[in-house]
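1. got a predicted structure plus its sequence, pasted below:
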Amino acid sequence: MRAPFSTALAIAFGLVVLLGYFIPAPCDPANPGLSCTFLGIRVVFLDWGAILAGVAMLVGIVNLALVHWRKVRMAGKERDLLSAVFLLAFLITLAAGFWFTPADVRFQRAVLSIQTPVEISLMALLVVTLAYASLRLLQRRSGLMAASFVISALVFLLLMSGLLGLFQQVPLLRELVNLINRLPLAGARGILLGIALGSLTAGLRILLGADRPYSG
Amino acid sequence: MSISAVIGLVFLVLGVGLMLIFFFARRTQPARPLRSISAFQRLRRALGLAVEDGKRLHVSLGQASILNSNGASALVGLSTLERVAQLSSLGDRPPVATSGDGTLAILSQDTLRSTYRRLGAFDMYDPDRGRLAGPTPFAYIAGALPVISREQVSANLLIGNFGPEAALLCERAEQQSAFTLAASDALPAQAALYASAQEPLIGEELFAIPAYMQGTPIYQVSLHVQDILRWVVVGALVIGAIFQFIVPLLGGGSP
C-alpha cells in the first residue's frame, strides 16, 4: 500500500469529523458525554484545518511570487516584464499591509480602489465573451441540447427583463409564467443532487483509502 | 438525531456497502464497459497530440478549498492531474496546474511529485508547475490567462469549482487554438462553460472523469454506486410526490 501511515491518519481524521456530523449537538456541559467529546475533537480538527489552510495560502503566495521572480530573471523571449509589475505591486501591498495593518481603513480603501475597477473590467469583458460564445454555440455544437440552451437563455432573459410584466395581469398567463419560472429550479435541483452524490462517492473513496490525493 | 442526519447516514452506509460489494465482485467478474462520451475521446486525442507536438497540458483546478463542501470537485481535479502527469511523462513538457487556493496548490505540487517519483522520473518534477494563480476568483483568472497563452499549452482541462468568469479561460484557449475540456460543480460556471468550452461536462459527469481517465476498478465501482444512489433518490422523489398527491385525496393531513 502507498503511504500507509498517511492513509491511516487521513481515514482516522475523516471518520472522526464525519462522526461529529451524526452525533447530536450541542452537548450539555453539565452532563458531558460522547456528544461533547466528539464535538470537541471535531472543532479542534477543523481549527487545525483552518490554520493549515491559512499557512498553505501563505506558502502558495510565496510560491507565486517566486514563479514571477524566475520569469523576470529568464533570458530572451521567456522573460515576462508583466511579472515585474506583479512583483512590484505585491511588494508595495505587502509593505503597506505591514506598515498600516490590513485593518486600517486607508489601506483597505487603497487596495479596493485598484482591485474593484480591475475586477469590474474583467466582468465587463466576461459579458462580451459570453454573448459572443452564445452566438457561436449553435455554429460549434448542433443538436437538441444546444438549441434548448440558446432558446431557454433567450426566454429567461426576456422573462427577467420585466418586459412581459403585462402577462402577470392575465390569470392563465400568470400561471404559465410562474410555471416557466419554476423550471430552472427543478433543473438546478436535479444537477445539484447529482453533484451531491458524486461528492459523496468521492469522499467515500478517501475514507476507504482508495483515493489518496497526498503522497505521505 | 435529526431526520436529515438519519437520511445522510443511510446514504453513507448504503454507499460504503455497495462500494465494497462491487469492488470485491469486480475481482471475479469482468468490468462493464463505460458508455462512450465524446468529450473523453477528444481528450485522449488531445493528450496524445500534446505529447507528440512537445506541447504542455494545463490543468486548472479551480478555487475550491479542500476544507469546504465543494472540495470533492478539487479531488477529481487532482486525480485527473495525476493521470495527466503519467500520460505526459513521455513528452518534453510536463503539465502545469493552476489553482485558486493555497491547500490545493500544495496538493497539486504533491500530486506531481509523487507521480514522478512513482514513475522514476523525479527529474521532471518542478514545484513551479503546481502553482497558486491568484487567491480571489478574478485574480485566479488573471493569473491563469498568461499560462494558457505563454506556456505552449495545447490542451486545457478546467476541472473544479469555478465561477462564470472561467469562460474567459476558455476564450483565451480558443484564441490559442487549444483544446478545452471543462467541468465544474457550480451551476453558474456550468452554464458559462457550456457556451464557451469545446467539451463541457454537465452535472455529475464531473465525477466520472477519474473512471474514464484512470481506468482503475475503484473509480468505475464508484461511478456504478453513484448511478445506483441516483436511482434511489429518483425513486424516493417519485414515491414522495405520489404520497403527497394521494394523502389529501384520501382525506389525510398534509404529509
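-> Okay, I see it. These figures come from a predicted structure and were not determined experimentally.
2. how about the helices in the stretch 51-200 of chain B?
-> With DSSP state H, counting those that start in this stretch, the ranges of helices along the stretch 51-200 of chain B come out as B:71-87, B:102-119, B:137-150, B:167-175, B:187-196.
3. then chain A?
-> Using DSSP state H, the helices of chain A run over residues A:4-22, A:34-73, A:81-100, A:105-140, A:144-161, A:171-207.
4. same list, the ones you listed, but as CSV with mean neighbour count please.
-> Bear in mind the C-beta positions are built from the backbone N, C-alpha and C, glycine included. Shown next, in CSV, are the helices of chain A (neighbours: other C-beta atoms under 10 Å in any protein chain shown):
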stretch, mean neighbour count
helix A:4-22, 14
helix A:34-73, 15
helix A:81-100, 13
helix A:105-140, 13
helix A:144-161, 12
helix A:171-207, 16
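5. let me have the ones you listed in CSV, adding distance to residue B:34 as columns.
-> Listed next are the helices of chain A as CSV, based on distance: least, C-beta to C-beta, whole Å:
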stretch, distance to residue B:34
helix A:4-22, 27
helix A:34-73, 34
helix A:81-100, 43
helix A:105-140, 25
helix A:144-161, 20
helix A:171-207, 15
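6. pipe those into CSV and attach distance to residue B:137 and mean pLDDT per row.
-> Output for the helices of chain A, formatted as CSV (distance: least, C-beta to C-beta, whole Å; pLDDT from 0 to 100):
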stretch, distance to residue B:137, mean pLDDT
helix A:4-22, 27, 84
helix A:34-73, 15, 86
helix A:81-100, 18, 92
helix A:105-140, 8, 91
helix A:144-161, 22, 85
helix A:171-207, 19, 88
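7. dump the ones you listed to CSV, plus distance to chain B.
-> Shown next, in CSV, are those (distance: least, C-beta to the nearest C-beta, whole Å):
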stretch, distance to chain B
helix A:4-22, 5
helix A:34-73, 3
helix A:81-100, 7
helix A:105-140, 4
helix A:144-161, 6
helix A:171-207, 3
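8. out of those, nearest to residue B:106?
-> Nearest of these to residue B:106, taken as C-beta to C-beta: helix A:34-73 at 5.1 Å.
9. now for the longest helix along chain B, which elements pack on it?
-> Determined from DSSP H, the single longest helix within chain B is helix B:217-249. The contact analysis (3 or more C-beta pairs under 8 Å, 6 or more residues apart in numbering or on different chains; DSSP states H and E) places helix B:217-249 against helix A:171-207, helix B:3-25, helix B:209-214.
10. in it, what counts as buried?
-> Buried positions in helix B:217-249, judged by neighbour count with 16 or more other C-beta atoms under 10 Å in any protein chain shown: B:217-226, B:229-230, B:232-233.
11. what do you get for stretch B:173-193?
-> Within stretch B:173-193, the residues scored as buried using 16+ other C-beta under 10 Å are B:173-174, B:176, B:178-187, B:189-193.
12. re the thing from before, got JSON lines for the buried residues of helix B:217-249, with distance to residue B:162 too?
-> As requested, these are exported to JSON lines (distance: C-beta to C-beta, whole Å):
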{"residue": "B:217", "distance to residue B:162": "30"}
{"residue": "B:218", "distance to residue B:162": "26"}
{"residue": "B:219", "distance to residue B:162": "23"}
{"residue": "B:220", "distance to residue B:162": "26"}
{"residue": "B:221", "distance to residue B:162": "28"}
{"residue": "B:222", "distance to residue B:162": "23"}
{"residue": "B:223", "distance to residue B:162": "23"}
{"residue": "B:224", "distance to residue B:162": "28"}
{"residue": "B:225", "distance to residue B:162": "26"}
{"residue": "B:226", "distance to residue B:162": "22"}
{"residue": "B:229", "distance to residue B:162": "25"}
{"residue": "B:230", "distance to residue B:162": "24"}
{"residue": "B:232", "distance to residue B:162": "29"}
{"residue": "B:233", "distance to residue B:162": "25"}
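13. of these, closest to residue A:77?
-> residue B:219 (40.9 Å).
14. what sits against the residue nearest the centre of chain B?
-> The centre of chain B sits closest to residue B:76, judged by C-alpha atoms, centre = their mean, with a distance of 3.8 Å. If you count contacts by C-beta atoms under 8 Å, 6 or more residues apart in numbering or on different chains, residue B:76 has them with A:202, B:159-160, B:183, B:206-207, B:209-210.
15. now flag whichever of these is closest to residue B:167.
-> residue B:183 (13.9 Å).
16. so that closest one makes contact with residue B:212?
-> No. Applying C-beta atoms under 8 Å, one finds residue B:183 not in contact with residue B:212, separated by 11.2 Å.
17. shared neighbours of these two, anything?
-> Counting by C-beta under 8 Å, 6+ apart, nothing touches both residue B:183 and residue B:212.
18. how is chain A carved up into domains?
-> A:1-100, A:105-140, A:142-210 (automatic domain parsing).
19. can you list the ones you listed in a markdown table and add distance to residue B:17?
-> As requested, the domains of chain A are arranged in a markdown table below (distance: least, C-beta to C-beta, whole Å):
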| stretch | distance to residue B:17 |
| --- | --- |
| domain A:1-100 | 16 |
| domain A:105-140 | 42 |
| domain A:142-210 | 10 |
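20. residues near residue 168, how many?
-> Just going to use chain A. 12 (other C-beta atoms under 10 Å in any protein chain shown).
21. nope, chain B
-> Other residues close to residue B:168 by other C-beta under 10 Å number 23.
22. shaky segments in the stretch 1-150 of chain B?
-> Within the stretch 1-150 of chain B, no stretch has pLDDT under 70.
23. of the buried residues of stretch B:173-193, which ones also sit close to chain A?
-> The residues of the buried residues of stretch B:173-193 that also fall near chain A, by C-beta under 8 Å from any C-beta of the partner chain, are B:185, B:187, B:190, B:192.
24. which one of these is nearest residue A:95?
-> Nearest member of these to residue A:95, counting by C-beta to C-beta, is residue B:192, at 36.9 Å.
25. show me what contacts the closest one?
-> Taking C-beta under 8 Å, 6+ apart, one finds A:130, A:133, B:164-167 in contact with residue B:192.
26. ok, residue B:222 next?
-> A:201-202, A:204-205, A:210, B:19, B:207, B:210-211.
27. export stretch A:37-49 as CSV, just CAs?
-> Provided in CSV are the C-alpha atoms of stretch A:37-49 (Å, rounded to 0.1, in the frame of the first residue of the first chain):
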residue,chain,number,x,y,z
THR,A,37,-16.2,14.5,23.3
PHE,A,38,-16.9,14.2,19.5
LEU,A,39,-17.9,17.8,19.2
GLY,A,40,-14.7,19.0,21.0
ILE,A,41,-12.5,16.7,18.8
ARG,A,42,-14.2,17.8,15.6
VAL,A,43,-13.9,21.5,16.5
VAL,A,44,-10.2,21.0,17.3
PHE,A,45,-9.6,19.2,14.0
LEU,A,46,-11.5,21.8,12.0
ASP,A,47,-9.5,24.6,13.7
TRP,A,48,-6.2,22.8,12.8
GLY,A,49,-7.5,22.5,9.3
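28. give me the number of residues near the residue nearest to residue A:149 when sequence neighbours are not counted?
-> Excluding the flanking residues, the one nearest residue A:149 by C-beta to C-beta, 6 or more residues apart in numbering or on different chains is residue B:194, at 6.1 Å. Around residue B:194 there are 21 other residues, counting by other C-beta under 10 Å.
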